[in-house]
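> pasting the structure only:
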């Protein structure tokens, strides 16, 4: 088997693996690097040097891929969703809320309102690990 065919098979296998196990195109970048090395086998006959070139091109393609890929945005609250306070939330202070099955630090959106423990609330925002809530009683008097 020729070295060019070897690198084409490796490149095709890595690109195919991206379909089976999505890795944010890292495997595809490795596969494309293998295709580039397959083209260079005519100029670079040493297998050891080809492996070094494959690693260099792989690293280059992964760095370019990460540089030009869109940045992750923080997960936004989909809409007003329900939660329940675990502790009382005093005006301007933080408390705990049960939201999506987890305990979150929470603050009341209205800094003058007190929310009692075990009271239903609506989650209206999030900043870092802190949820901003309003008591459900304010919407449904």
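Thanks, I have the structure now. In this text, all values refer to a predicted model and were calculated from it rather than measured experimentally.

> Can you give the contact residues for the host helix or strand of residue 138?
Assigned by DSSP states H and E, residue 138 belongs to helix 136-139. Residues outside helix 136-139 that contact it (Cβ atoms under 8 Å, 6 or more residues apart in numbering): 82, 110, 113, 119-122. The way it works is simple: take the backbone N, C-alpha and C, and place the C-beta from them, glycine included.

> quick one: which of the residues you listed has the most company?
residue 121 (28 neighbours; other Cβ atoms under 10 Å).

> Which elements pack onto the longest helix anywhere in the chain?
Counting residues, the longest helix found in the chain (DSSP state H) is helix 47-68. Identification of packing neighbours for helix 47-68 by 3 or more Cβ pairs under 8 Å, 6 or more residues apart in numbering; DSSP states H and E yields helix 3-20, helix 26-40.

> So which bits of the helix or strand bottoming out on mean pLDDT in the chain are buried?
Within the chain, no helix or strand scores below helix 136-139, which has a mean of 81 by mean pLDDT, DSSP states H and E. For helix 136-139, a neighbour-count test (16 or more other Cβ atoms under 10 Å) marks residue 136 as buried.

> just stretch 4-21 next, same as before
Neighbour count says stretch 4-21 has 6-8, 10-11, 14-15, 18 buried, by 16+ other Cβ under 10 Å.

> ok, which pair from these is furthest apart?
For those, the maximum inter-member distance is 19.4 Å, found between 6 and 18 (Cβ to Cβ).

> Extract the residue ranges of this protein that are flagged as low pLDDT.
Low-confidence segments of the chain (pLDDT under 70): 71-80, 140-141.
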